[in-house]
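# Let's see this in three dimensions:
(one chain, ligands or ions: 1)
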Amino acid sequence: MGSQRTNPGQADPELFASEQVITCRDDTVGLRAVIAIDDTTLGPGFGGTRWRWYPSPAAAVVEAQRLAAAMTLKHALANLPYGGAKSVIMATGDLPLQGAEREAVLARFGDFVARTAGSYVPGVDMGTTPQDMRLIESRGARAFCDEVDPGPYTARGVYAAMRAGVRHALGRDMDGVRVTVQGTGHVGASLARQAAADGAVVAVADIDAARADALAEELGSGSTVVDPAEAPFTDCDVFAPCAIARVLTVDNVGKVRARVVAGAANDTLDSPEAGAALRAAGVTVVPDFVANAGGVIQVHAGIAGWSDIQLSTALEEIGDRVTDILAEAEDRDLTPEDAARDRAARRLATAREDH
Ligand SMILES: NC(=O)c1ccc[n+]([C@@H]2O[C@H](COP(=O)([O-])OP(=O)(O)OC[C@H]3O[C@@H](n4cnc5c(N)ncnc54)[C@H](O)[C@@H]3O)[C@@H](O)[C@H]2O)c1
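Numbers count the residues shown, from 1 in each chain. Got it, this is the predicted structure:
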(Lines give C-alpha, C1' and ligand atoms only; values in the text may rest on other atoms or scores of the structure.)
Protein backbone atom coordinates (compact mmCIF):
# COMPACT_ATOMS: atom_id res chain seq x y z
CA MET A 1 0.00 0.00 0.00
CA GLY A 2 1.28 3.44 -0.89
CA SER A 3 0.49 4.95 2.48
CA GLN A 4 3.22 3.15 4.40
CA ARG A 5 5.35 5.58 6.33
CA THR A 6 8.94 6.23 5.32
CA ASN A 7 11.55 5.86 8.07
CA PRO A 8 12.04 9.00 10.14
CA GLY A 9 15.29 10.86 9.72
CA GLN A 10 16.54 8.44 7.09
CA ALA A 11 19.31 9.52 4.74
CA ASP A 12 17.82 7.91 1.64
CA PRO A 13 14.22 8.13 0.53
CA GLU A 14 12.20 4.93 0.17
CA LEU A 15 11.10 5.75 -3.34
CA PHE A 16 8.83 2.74 -3.64
CA ALA A 17 6.78 3.74 -0.58
CA SER A 18 4.78 5.90 -3.04
CA GLU A 19 2.92 4.92 -6.20
CA GLN A 20 4.92 7.49 -8.12
CA VAL A 21 7.69 10.00 -7.37
CA ILE A 22 8.49 12.61 -10.01
CA THR A 23 11.45 14.97 -9.90
CA CYS A 24 11.09 18.19 -11.92
CA ARG A 25 14.00 20.34 -13.08
CA ASP A 26 14.44 23.39 -15.28
CA ASP A 27 17.71 25.26 -14.88
CA THR A 28 16.57 28.19 -17.01
CA VAL A 29 14.18 29.30 -14.23
CA GLY A 30 15.94 27.60 -11.28
CA LEU A 31 13.22 25.00 -10.66
CA ARG A 32 13.86 21.90 -8.57
CA ALA A 33 10.67 20.21 -7.39
CA VAL A 34 9.35 16.82 -6.33
CA ILE A 35 5.84 15.46 -6.86
CA ALA A 36 4.99 12.42 -4.73
CA ILE A 37 1.78 10.55 -5.55
CA ASP A 38 1.25 8.19 -2.65
CA ASP A 39 -1.97 6.34 -3.47
CA THR A 40 -4.76 6.91 -6.02
CA THR A 41 -7.15 4.17 -4.86
CA LEU A 42 -9.81 6.69 -3.80
CA GLY A 43 -9.30 9.21 -6.60
CA PRO A 44 -6.75 11.65 -8.03
CA GLY A 45 -3.82 12.38 -5.74
CA PHE A 46 -4.61 15.73 -4.10
CA GLY A 47 -2.19 17.56 -1.83
CA GLY A 48 -0.60 20.96 -1.43
CA THR A 49 2.56 22.41 -2.90
CA ARG A 50 5.09 23.33 -0.20
CA TRP A 51 7.78 25.85 -1.14
CA ARG A 52 10.66 26.06 1.32
CA TRP A 53 14.37 25.46 1.72
CA TYR A 54 15.61 21.85 2.02
CA PRO A 55 19.10 20.76 3.07
CA SER A 56 19.31 18.22 0.22
CA PRO A 57 17.28 16.77 -2.67
CA ALA A 58 16.86 13.58 -0.61
CA ALA A 59 15.31 15.62 2.23
CA ALA A 60 12.85 17.16 -0.24
CA VAL A 61 11.88 13.72 -1.56
CA VAL A 62 11.39 12.32 1.94
CA GLU A 63 9.23 15.29 2.95
CA ALA A 64 7.08 15.01 -0.20
CA GLN A 65 6.59 11.28 0.36
CA ARG A 66 5.76 11.55 4.07
CA LEU A 67 3.30 14.37 3.51
CA ALA A 68 1.73 12.55 0.53
CA ALA A 69 1.22 9.43 2.68
CA ALA A 70 -0.49 11.58 5.34
CA MET A 71 -2.83 12.95 2.63
CA THR A 72 -3.87 9.40 1.71
CA LEU A 73 -4.83 8.79 5.34
CA LYS A 74 -6.52 12.18 5.70
CA HIS A 75 -8.75 11.70 2.66
CA ALA A 76 -9.57 8.09 3.51
CA LEU A 77 -10.62 8.95 7.06
CA ALA A 78 -12.63 12.01 6.02
CA ASN A 79 -14.46 9.92 3.39
CA LEU A 80 -13.28 12.15 0.55
CA PRO A 81 -12.93 10.93 -3.06
CA TYR A 82 -9.23 11.76 -3.38
CA GLY A 83 -5.96 9.92 -3.21
CA GLY A 84 -2.90 11.22 -1.39
CA ALA A 85 -0.15 13.31 -2.95
CA LYS A 86 2.07 16.29 -2.19
CA SER A 87 4.71 18.34 -3.96
CA VAL A 88 7.61 20.42 -2.77
CA ILE A 89 9.51 23.16 -4.56
CA MET A 90 13.06 23.61 -3.28
CA ALA A 91 13.69 27.26 -2.39
CA THR A 92 17.18 28.50 -3.22
CA GLY A 93 17.41 31.47 -0.83
CA ASP A 94 16.07 32.66 2.50
CA LEU A 95 13.36 34.90 1.08
CA PRO A 96 10.42 33.72 -1.04
CA LEU A 97 10.71 34.58 -4.74
CA GLN A 98 8.42 37.37 -5.90
CA GLY A 99 7.27 38.89 -9.20
CA ALA A 100 8.50 37.59 -12.55
CA GLU A 101 11.00 35.13 -11.02
CA ARG A 102 8.26 33.52 -8.94
CA GLU A 103 5.89 33.34 -11.89
CA ALA A 104 8.53 31.71 -14.10
CA VAL A 105 9.18 28.93 -11.55
CA LEU A 106 5.47 28.32 -10.97
CA ALA A 107 4.64 28.32 -14.68
CA ARG A 108 7.27 25.67 -15.35
CA PHE A 109 6.10 23.69 -12.33
CA GLY A 110 2.57 23.97 -13.73
CA ASP A 111 3.80 22.37 -16.97
CA PHE A 112 5.12 19.40 -15.01
CA VAL A 113 1.89 19.09 -13.03
CA ALA A 114 -0.08 19.18 -16.31
CA ARG A 115 1.96 16.22 -17.53
CA THR A 116 0.52 14.09 -14.73
CA ALA A 117 -2.81 14.43 -16.59
CA GLY A 118 -4.82 14.99 -13.41
CA SER A 119 -3.35 12.16 -11.34
CA TYR A 120 -1.74 14.92 -9.24
CA VAL A 121 -3.85 17.93 -8.20
CA PRO A 122 -1.95 20.59 -6.20
CA GLY A 123 -3.35 22.98 -3.59
CA VAL A 124 -2.05 25.65 -1.24
CA ASP A 125 0.49 24.69 1.41
CA MET A 126 3.28 26.47 3.27
CA GLY A 127 4.88 29.01 0.93
CA THR A 128 2.19 28.97 -1.77
CA THR A 129 -1.00 30.98 -2.33
CA PRO A 130 -4.33 30.74 -4.19
CA GLN A 131 -2.79 33.06 -6.82
CA ASP A 132 0.01 30.52 -7.36
CA MET A 133 -2.62 27.81 -7.94
CA ARG A 134 -4.29 29.98 -10.58
CA LEU A 135 -0.95 30.32 -12.37
CA ILE A 136 -0.47 26.53 -12.30
CA GLU A 137 -3.98 26.14 -13.74
CA SER A 138 -3.15 28.58 -16.51
CA ARG A 139 -0.62 25.99 -17.77
CA GLY A 140 -3.36 23.41 -18.35
CA ALA A 141 -3.04 21.64 -14.99
CA ARG A 142 -5.88 21.01 -12.56
CA ALA A 143 -5.40 22.74 -9.17
CA PHE A 144 -7.53 23.22 -6.04
CA CYS A 145 -7.59 26.04 -3.42
CA ASP A 146 -7.43 28.67 -6.16
CA GLU A 147 -9.99 30.93 -4.45
CA VAL A 148 -10.37 30.36 -0.71
CA ASP A 149 -7.75 30.14 2.05
CA PRO A 150 -8.43 26.77 3.74
CA GLY A 151 -6.77 27.88 7.02
CA PRO A 152 -9.90 28.98 8.93
CA TYR A 153 -11.71 25.74 8.01
CA THR A 154 -8.73 23.69 9.11
CA ALA A 155 -8.80 25.60 12.41
CA ARG A 156 -12.51 24.84 12.94
CA GLY A 157 -11.86 21.13 12.42
CA VAL A 158 -8.81 21.14 14.70
CA TYR A 159 -10.86 22.82 17.41
CA ALA A 160 -13.59 20.17 17.12
CA ALA A 161 -10.81 17.55 17.42
CA MET A 162 -9.30 19.30 20.44
CA ARG A 163 -12.64 19.46 22.24
CA ALA A 164 -13.16 15.74 21.60
CA GLY A 165 -9.64 14.94 22.85
CA VAL A 166 -10.20 16.98 26.02
CA ARG A 167 -13.58 15.34 26.64
CA HIS A 168 -12.02 11.90 26.21
CA ALA A 169 -8.89 12.48 28.31
CA LEU A 170 -10.06 15.00 30.90
CA GLY A 171 -13.84 14.54 30.88
CA ARG A 172 -14.55 18.27 30.63
CA ASP A 173 -15.38 21.14 28.30
CA MET A 174 -12.84 23.81 27.34
CA ASP A 175 -13.67 26.34 30.06
CA GLY A 176 -10.55 26.75 32.21
CA VAL A 177 -8.47 24.28 30.17
CA ARG A 178 -4.87 25.47 29.70
CA VAL A 179 -3.89 25.33 26.03
CA THR A 180 -0.47 26.09 24.51
CA VAL A 181 -0.55 26.88 20.78
CA GLN A 182 2.78 26.62 18.93
CA GLY A 183 2.58 28.70 15.72
CA THR A 184 0.22 31.66 15.47
CA GLY A 185 -0.25 31.72 11.68
CA HIS A 186 -3.42 31.07 9.68
CA VAL A 187 -4.51 28.04 11.68
CA GLY A 188 -2.90 28.59 15.09
CA ALA A 189 -4.29 32.10 15.58
CA SER A 190 -7.83 31.08 14.66
CA LEU A 191 -7.59 28.01 16.92
CA ALA A 192 -6.35 30.13 19.84
CA ARG A 193 -9.27 32.55 19.36
CA GLN A 194 -11.84 29.73 19.39
CA ALA A 195 -10.36 28.17 22.53
CA ALA A 196 -10.17 31.53 24.32
CA ALA A 197 -13.79 32.32 23.36
CA ASP A 198 -14.84 29.12 25.16
CA GLY A 199 -12.96 30.12 28.31
CA ALA A 200 -9.68 28.27 27.79
CA VAL A 201 -6.52 29.86 29.19
CA VAL A 202 -4.32 30.17 26.11
CA ALA A 203 -0.54 30.55 25.84
CA VAL A 204 0.91 31.21 22.39
CA ALA A 205 4.36 30.81 20.84
CA ASP A 206 5.87 31.82 17.53
CA ILE A 207 9.34 32.39 16.15
CA ASP A 208 7.82 35.66 14.92
CA ALA A 209 7.70 37.21 18.39
CA ALA A 210 5.70 40.25 17.29
CA ARG A 211 2.97 38.00 15.89
CA ALA A 212 2.73 36.02 19.14
CA ASP A 213 2.70 39.21 21.23
CA ALA A 214 -0.09 40.74 19.15
CA LEU A 215 -2.24 37.63 19.45
CA ALA A 216 -1.72 37.34 23.22
CA GLU A 217 -2.73 40.99 23.59
CA GLU A 218 -5.83 40.45 21.45
CA LEU A 219 -6.85 37.39 23.49
CA GLY A 220 -6.57 39.44 26.68
CA SER A 221 -6.55 38.44 30.32
CA GLY A 222 -4.66 35.31 31.21
CA SER A 223 -3.12 34.88 27.79
CA THR A 224 0.68 34.66 27.75
CA VAL A 225 3.54 34.24 25.30
CA VAL A 226 5.95 31.31 25.70
CA ASP A 227 9.30 30.44 24.12
CA PRO A 228 8.56 28.70 20.76
CA ALA A 229 11.18 25.97 21.34
CA GLU A 230 9.79 25.23 24.83
CA ALA A 231 6.12 25.34 23.78
CA PRO A 232 5.74 21.52 23.55
CA PHE A 233 7.00 21.14 27.13
CA THR A 234 5.11 23.89 28.99
CA ASP A 235 2.92 23.11 31.99
CA CYS A 236 -0.51 22.94 30.34
CA ASP A 237 -3.43 20.59 29.64
CA VAL A 238 -3.33 20.71 25.82
CA PHE A 239 -0.41 21.21 23.48
CA ALA A 240 -1.50 22.33 20.00
CA PRO A 241 1.29 22.08 17.42
CA CYS A 242 0.41 24.48 14.59
CA ALA A 243 3.82 25.30 13.13
CA ILE A 244 6.35 22.78 11.86
CA ALA A 245 6.55 19.00 11.41
CA ARG A 246 8.06 16.43 13.79
CA VAL A 247 8.17 18.55 16.96
CA LEU A 248 7.67 15.46 19.15
CA THR A 249 10.45 12.91 18.93
CA VAL A 250 11.47 9.81 20.86
CA ASP A 251 14.18 11.92 22.47
CA ASN A 252 11.95 14.72 23.77
CA VAL A 253 8.50 13.19 24.50
CA GLY A 254 9.55 12.52 28.09
CA LYS A 255 9.41 16.29 28.66
CA VAL A 256 5.77 16.69 27.52
CA ARG A 257 3.55 17.78 30.44
CA ALA A 258 0.28 18.23 28.54
CA ARG A 259 -2.38 15.49 28.84
CA VAL A 260 -3.64 16.04 25.28
CA VAL A 261 -1.84 16.81 22.02
CA ALA A 262 -4.15 18.14 19.31
CA GLY A 263 -3.07 20.48 16.54
CA ALA A 264 -2.83 21.22 12.85
CA ALA A 265 0.82 20.53 11.99
CA ASN A 266 1.25 17.54 9.71
CA ASP A 267 3.57 14.79 10.84
CA THR A 268 3.77 15.98 14.47
CA LEU A 269 5.30 12.71 15.74
CA ASP A 270 8.65 11.80 14.25
CA SER A 271 7.97 8.07 14.61
CA PRO A 272 5.48 5.48 15.88
CA GLU A 273 7.83 5.00 18.85
CA ALA A 274 7.22 8.62 19.93
CA GLY A 275 3.46 7.92 19.83
CA ALA A 276 3.92 4.75 21.88
CA ALA A 277 5.99 6.57 24.50
CA LEU A 278 3.35 9.29 24.83
CA ARG A 279 0.62 6.71 25.21
CA ALA A 280 2.62 4.90 27.91
CA ALA A 281 2.96 8.25 29.70
CA GLY A 282 -0.82 8.74 29.60
CA VAL A 283 -0.81 11.49 26.97
CA THR A 284 -3.72 11.39 24.50
CA VAL A 285 -2.46 12.24 21.02
CA VAL A 286 -5.13 13.15 18.47
CA PRO A 287 -3.75 12.01 15.09
CA ASP A 288 -2.88 15.13 13.07
CA PHE A 289 -4.23 13.70 9.83
CA VAL A 290 -7.65 13.31 11.47
CA ALA A 291 -7.66 16.71 13.22
CA ASN A 292 -6.47 18.85 10.32
CA ALA A 293 -8.82 17.61 7.57
CA GLY A 294 -11.02 20.75 7.68
CA GLY A 295 -9.14 22.44 4.84
CA VAL A 296 -9.54 19.55 2.39
CA ILE A 297 -13.15 19.13 3.48
CA GLN A 298 -13.76 22.79 2.59
CA VAL A 299 -12.08 22.28 -0.79
CA HIS A 300 -14.31 19.29 -1.49
CA ALA A 301 -17.39 21.21 -0.31
CA GLY A 302 -16.64 23.84 -2.98
CA ILE A 303 -16.21 21.22 -5.69
CA ALA A 304 -19.28 19.23 -4.67
CA GLY A 305 -21.46 22.34 -4.15
CA TRP A 306 -22.23 21.71 -0.48
CA SER A 307 -24.29 24.23 1.51
CA ASP A 308 -22.74 26.08 4.48
CA ILE A 309 -24.71 23.79 6.80
CA GLN A 310 -23.34 20.65 5.14
CA LEU A 311 -19.81 22.04 5.44
CA SER A 312 -20.26 22.99 9.11
CA THR A 313 -21.66 19.54 9.88
CA ALA A 314 -18.70 17.86 8.16
CA LEU A 315 -16.24 20.02 10.15
CA GLU A 316 -17.96 19.15 13.44
CA GLU A 317 -17.91 15.46 12.47
CA ILE A 318 -14.13 15.58 12.81
CA GLY A 319 -14.79 15.70 16.57
CA ASP A 320 -17.05 12.63 16.40
CA ARG A 321 -14.39 10.80 14.40
CA VAL A 322 -11.77 11.64 17.02
CA THR A 323 -14.07 10.35 19.79
CA ASP A 324 -14.54 7.05 17.91
CA ILE A 325 -10.85 6.62 17.14
CA LEU A 326 -9.77 7.34 20.72
CA ALA A 327 -12.32 4.81 22.01
CA GLU A 328 -11.22 2.20 19.46
CA ALA A 329 -7.55 2.78 20.36
CA GLU A 330 -8.33 2.18 24.02
CA ASP A 331 -10.42 -0.94 23.33
CA ARG A 332 -7.76 -2.46 21.08
CA ASP A 333 -4.76 -1.35 23.13
CA LEU A 334 -3.33 0.70 20.27
CA THR A 335 -2.01 4.22 19.90
CA PRO A 336 -4.65 6.56 18.42
CA GLU A 337 -2.44 6.93 15.37
CA ASP A 338 -2.30 3.17 14.79
CA ALA A 339 -6.08 2.90 15.28
CA ALA A 340 -6.61 5.70 12.73
CA ARG A 341 -4.16 4.14 10.24
CA ASP A 342 -6.01 0.86 10.58
CA ARG A 343 -9.33 2.53 9.81
CA ALA A 344 -7.85 4.19 6.73
CA ALA A 345 -6.38 0.86 5.59
CA ARG A 346 -9.81 -0.75 5.94
CA ARG A 347 -11.40 1.94 3.79
CA LEU A 348 -8.70 1.58 1.13
CA ALA A 349 -9.02 -2.22 1.14
CA THR A 350 -12.81 -1.97 0.69
CA ALA A 351 -12.35 0.52 -2.17
CA ARG A 352 -9.86 -1.82 -3.88
CA GLU A 353 -12.32 -4.72 -3.59
CA ASP A 354 -15.05 -2.55 -5.14
CA HIS A 355 -12.87 -1.62 -8.13
N1 LIG B 1 -3.47 26.01 6.42
C2 LIG B 1 -4.13 24.85 6.36
O3 LIG B 1 -5.27 24.78 5.90
C4 LIG B 1 -3.48 23.60 6.89
C5 LIG B 1 -4.10 22.36 6.66
C6 LIG B 1 -3.53 21.19 7.18
C7 LIG B 1 -2.36 21.29 7.91
N8 LIG B 1 -1.76 22.51 8.11
C9 LIG B 1 -0.52 22.55 8.87
O10 LIG B 1 -0.70 23.39 10.02
C11 LIG B 1 0.50 24.10 10.30
C12 LIG B 1 0.20 25.59 10.34
O13 LIG B 1 -0.33 26.00 9.08
P14 LIG B 1 -0.62 27.54 8.78
O15 LIG B 1 -1.39 27.58 7.51
O16 LIG B 1 -1.17 28.18 9.99
O17 LIG B 1 0.84 28.07 8.50
P18 LIG B 1 1.37 29.58 8.62
O19 LIG B 1 2.59 29.64 7.78
O20 LIG B 1 0.26 30.55 8.39
O21 LIG B 1 1.76 29.72 10.17
C22 LIG B 1 2.81 29.01 10.74
C23 LIG B 1 3.31 29.86 11.91
O24 LIG B 1 4.26 29.09 12.62
C25 LIG B 1 5.36 29.92 12.95
N26 LIG B 1 6.51 29.07 13.18
C27 LIG B 1 7.36 28.53 12.27
N28 LIG B 1 8.27 27.77 12.89
C29 LIG B 1 7.99 27.82 14.20
C30 LIG B 1 8.56 27.24 15.35
N31 LIG B 1 9.63 26.46 15.28
N32 LIG B 1 8.00 27.51 16.56
C33 LIG B 1 6.92 28.31 16.66
N34 LIG B 1 6.34 28.90 15.60
C35 LIG B 1 6.87 28.66 14.39
C36 LIG B 1 5.47 30.88 11.79
O37 LIG B 1 6.19 32.05 12.14
C38 LIG B 1 4.00 31.15 11.49
O39 LIG B 1 3.49 32.22 12.24
C40 LIG B 1 1.50 23.69 9.22
O41 LIG B 1 2.28 22.62 9.72
C42 LIG B 1 0.62 23.18 8.10
O43 LIG B 1 1.26 22.20 7.32
C44 LIG B 1 -2.31 23.65 7.64
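# show me where pLDDT drops low in the chain?
Regions of the chain meeting the criterion pLDDT under 70 cover residues 1-13.
# Which one of the residues in this structure is closest to the ligand?
The shortest separation between the chain and the ligand is 1.7 Å, found at residue 185 (distances taken as CB to the nearest ligand atom). No exception for glycine: its C-beta is placed from N, CA and C like everyone else's.
# if I read this right, that residue contacts residue 244, doesn't it?
No: contact criterion CB atoms under 8 Å: residue 185 and residue 244 do not qualify, at 10.7 Å.
# tell me, how many neighbours does the closest residue to residue 29 other than its chain neighbours end up with?
Take residue 29 and drop its neighbours on the chain: the residue closest to it by CB to CB, 6 or more residues apart in numbering is residue 104, 4.2 Å away. Taking other CB atoms under 10 Å as the neighbour definition, residue 104 ends up with a count of 16.
# Confirm residue 104 sits in a helix?
Yes: according to DSSP: H, G, I helix; E, B strand; the rest coil, residue 104 belongs to a helix.
# Any figure for the gap between it and residue 230?
Look at residue 104 and residue 230: by CB to CB, to the nearest Å, they are 41 Å apart.
# Then residue 176?
Note on residue 176: its distance to residue 230, by CB to CB, is 23 Å.
# Likewise for residue 285?
With the distance defined as CB to CB, residue 285 ends up 19 Å from residue 230.
# Just want to know which of these two has more residues nearby.
Under the criterion of other CB under 10 Å, the comparison of residue 285 against residue 230 puts residue 285 first, with 28 against 12.
# what's the nearest residue to the more buried one if we skip its chain neighbours?
Taking CB to CB, 6+ apart as the measure, residue 285 lies nearest to residue 261, with 4.6 Å between them; neighbours along the chain are not counted.
# Mind listing the residues bridging to that neighbour?
Taking DSSP bridges, one obtains residue 239, residue 285 as the residues bridged to residue 261.
# who touches the most centrally placed residue in the chain in this structure?
The central residue of the chain, meaning the one whose C-alpha is nearest the mean C-alpha position (CA atoms, centre = their mean), is residue 266 at 3.3 Å. Contacts were defined as CB atoms under 8 Å, 6 or more residues apart in numbering; by that measure residue 266 touches 67, 70, 245, 288, 289, 292.
# So which of those reach the ligand?
The overlap between the contacts of residue 266 and the neighbourhood of the ligand (criterion: CB under 6 Å from any ligand atom) consists of residue 292.
# Please render the contacts of residue 266 as CSV that adds secondary structure and distance to residue 144 to the earlier fields.
Listed next are these as CSV, based on DSSP: H, G, I helix; E, B strand; the rest coil; distance: CB to CB, whole Å:
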residue, secondary structure, distance to residue 144
67, helix, 15
70, helix, 17
245, coil, 21
288, helix, 20
289, helix, 18
292, coil, 16
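# what about the residue of the chain closest to the ligand, how many residues close to it?
With other CB under 10 Å as criterion, residue 185 counts 15.
# Near the ligand, which residues of the stretch 251-355 of the chain are found?
Contact residues, the stretch 251-355 of the chain versus the ligand (CB under 6 Å from any ligand atom): 264, 265, 266, 292, 295.
# Just the ones in helices from those residues, please.
Residues of those located in helices (DSSP state H): residue 295.
# can you pull out the strands in this protein?
Remark: strands assigned in the chain by DSSP state E are 20-26, 31-39, 45-46, 49-52, 83-90, 120-121, 178-182, 201-205, 224-225, 238-241, 260-261, 284-285.
# most packed of the ones you listed?
Neighbour counts averaged per stretch over the strands of the chain are highest for strand 45-46, at a mean of 31; criterion: mean count of other CB atoms under 10 Å.
# Can you list the strands that that one pairs with?
Using DSSP bridges, the neighbouring strands of strand 45-46 in the sheet come out as strand 83-90 (parallel), strand 120-121 (parallel).
# so how far is the last one off the chain centroid?
By that I understand strand 120-121. Centre-to-centre, strand 120-121 and its host chain are 17 Å apart (CA atoms, centre = their mean, to the nearest Å).
# domains for this protein, by residue range?
For the chain, the structural domains run 2-72+82-137, 151-345, going by automatic domain parsing.
# closest to residue 145 out of these?
Each of the domains of the chain was scored for nearness to residue 145 using CB to CB, and the closest is domain 2-72+82-137 (3.9 Å).
# How far does that closest one sit from its chain's centre?
Relative to where its chain is centred, domain 2-72+82-137 has its mean C-alpha point 15 Å off (CA atoms, centre = their mean).
# Now do the contacts for residue 220.
Remark: with contacts taken as CB under 8 Å, 6+ apart, residue 220 is in contact with residue 196.
# Next up, the contacts around the residue of the chain closest to the ligand.
With contacts taken as CB under 8 Å, 6+ apart, residue 185 has the following neighbours: 151, 206, 211, 242, 243.
# quick one, phi psi at it?
phi -90, psi -150 (degrees, to the nearest 10).
# any idea how far it lies from residue 317?
Per CB to CB, residue 185 is found 25 Å from residue 317.
# Where do the helices of the stretch 151-300 of the chain begin and end?
151-170, 186-197, 209-219, 272-280, 288-291, 294-304 (DSSP state H, counting those that start in this stretch).
# Return the residues in contact with the closest residue to residue 291 other than its chain neighbours.
Taking CB to CB, 6+ apart, and ignoring the residues beside it in sequence, residue 291 has residue 161 as its nearest neighbour in space, at 3.6 Å. Contact partners of residue 161, counting by CB under 8 Å, 6+ apart, are 262, 286, 290, 291, 318, 319, 322.
# I'd like those as TSV, with neighbour count and distance to residue 199 appended.
Formatted as TSV, those follow (neighbours: other CB atoms under 10 Å; distance: CB to CB, whole Å):
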residue	neighbour count	distance to residue 199
262	31	17
286	32	20
290	29	25
291	30	21
318	28	21
319	21	18
322	27	20
